[in-house]
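Peer 1: here is my input, please return the structure:
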Amino acid sequence: MSDANNIHGESKDYLLPGERIDELQRNGYKIIQNSKKFCFGMDAVLLSGFVKVREGERVLDLGTGTGIIPILLEAKTRGEHFTGLELQEESADMARRSVSLNGLEQKISIVTGDIKEAGTIFGAASFHVVTSNPPYMNNLHGLKNPDLPKAIARHEIYCTLEDVVRETARVLKPGGRFYLVHRPFRLIEIINTLTAYKLEPKRMKMVHPFIDKEPNMVLIEAVKGGGSMISVEPPLIVYKEINQYTDEIYDIYGY
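Peer 2: Model prediction:
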């Protein structure tokens, strides 16, 4: 967290009540967050480490929240341009201010809109790469958070897994790549939905909190129109002991 001066003036000029600025350990970038609303989690950071963006490619992040994935991907890759689509205007506004705070207006665009209308908003075959850290829980899974912004981020209130996959298939170019972080207990549903929309899973990595625990996240890369062959990568272990990350986690975070 920082309240130091920044190349665009005083950091506090970018903040609304209840907000803070956090360091991202990448290129000196920072992000604006509000702990009472919704802050990005490890899943978004791990997804940014799993994604491959080539030089000159255009990237869309569906449900970008406060813009963490586009900002991290701009720092980590040589992509040409990054767009974040976010339904909640409050989150989208926070993301735009983070983009401005980092001087990235020419590289990152934040669009307010509905994932279910992504194909209409952006047009068919308009991106080389799509990423998403979507809501994990449907109406059958768990209790909804009474705070609406957090509930929208975690539960399929305004969009379903199929909505995300359908619109991804619309906006991806042929041969384009989709990167998703989700929960392993929905893996069969995820794979069936991807293949139904001609997005073929090509890489998969399980994320385990500890080496002897079941995975609690899965990272998937799917290719539009790809052949049916998948590579299951070595698992990612988050902690080597309580409160101590593994070296791979430190590397992904940039420490």
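Peer 1: quick one, helices of the stretch 101-250 of the chain?
Peer 2: 118-122, 148-154, 161-171, 187-196, 247-253 (DSSP state H, counting those that start in this stretch).
Peer 1: format the ones you listed as TSV; extra columns: distance to Val59 and mean neighbour count.
Peer 2: For the C-beta atoms, the positions are set from N, CA and C on the backbone; glycine is no exception. Below are the helices of the stretch 101-250 of the chain laid out as TSV (distance: least, C-beta to C-beta, whole Å; neighbours: other C-beta atoms under 10 Å):
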stretch	distance to Val59	mean neighbour count
helix 118-122	12	19
helix 148-154	20	17
helix 161-171	11	22
helix 187-196	19	15
helix 247-253	18	15
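Peer 1: among these, which is nearest Gln33?
Peer 2: Across these, Gln33 has its closest neighbour in helix 148-154 (12.0 Å, C-beta to C-beta).
Peer 1: switch the helices of the stretch 101-250 of the chain over to a markdown table; also include mean pLDDT.
Peer 2: Below are these laid out as a markdown table (pLDDT from 0 to 100):
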| stretch | mean pLDDT |
| --- | --- |
| helix 118-122 | 98 |
| helix 148-154 | 51 |
| helix 161-171 | 97 |
| helix 187-196 | 97 |
| helix 247-253 | 94 |
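Peer 1: reformat these as TSV; add distance to Val51.
Peer 2: Formatted as TSV, the helices of the stretch 101-250 of the chain follow (distance: least, C-beta to C-beta, whole Å):
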stretch	distance to Val51
helix 118-122	18
helix 148-154	19
helix 161-171	13
helix 187-196	16
helix 247-253	11
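Peer 1: which stretch among those approaches Gly41 most closely?
Peer 2: Counting by C-beta to C-beta, Gly41 lies closest to helix 148-154 out of these; the figure is 9.4 Å.
Peer 1: circling back to that earlier point, of all the helices of the stretch 101-250 of the chain, which one is nearest Cys39?
Peer 2: Per C-beta to C-beta, nearest to Cys39 of those: helix 148-154, 9.7 Å.
Peer 1: isn't Glu167 up against Leu85?
Peer 2: No. Here Glu167 does not reach Leu85: they are 9.1 Å apart, not a contact under C-beta atoms under 8 Å.
Peer 1: just the buried positions in stretch 214-227, please.
Peer 2: By neighbour count on 16 or more other C-beta atoms under 10 Å, the buried set for stretch 214-227 is 215, 217-224, 226.
Peer 1: that should have said stretch 44-63, apologies.
Peer 2: 44-51, 53, 57-63.
Peer 1: looking at these, which one is closest to Gly18?
Peer 2: Ala44 (20.7 Å).
Peer 1: confirm that that closest one sits in a helix.
Peer 2: Yes. Assessed by DSSP: H, G, I helix; E, B strand; the rest coil, Ala44 belongs to a helix.
Peer 1: quickly note the distance from it to Gly67.
Peer 2: Relative to Gly67, Ala44 is positioned 10 Å away (C-beta to C-beta, to the nearest Å).
Peer 1: that older thread, if I look at Glu167 and Leu85, which residues touch both of them?
Peer 2: 62, 115, 118 (C-beta atoms under 8 Å, 6 or more residues apart in numbering).
Peer 1: would JSON lines of the residues you listed with distance to Thr160 be doable?
Peer 2: Compiled in JSON lines, the shared contacts of Glu167 and Leu85 are given as follows (distance: C-beta to C-beta, whole Å):
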{"residue": "Leu62", "distance to Thr160": "12"}
{"residue": "Ile115", "distance to Thr160": "9"}
{"residue": "Ala118", "distance to Thr160": "14"}
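Peer 1: find the nearest non-adjacent residue to Leu24, please.
Peer 2: Ile31 (5.8 Å; C-beta to C-beta, 6 or more residues apart in numbering).
Peer 1: okay, and the beta partners of the one you found?
Peer 2: Asp22 (DSSP bridges).
Peer 1: contact partners for Ile230?
Peer 2: Ile230 touches 201-204, counting by C-beta under 8 Å, 6+ apart.
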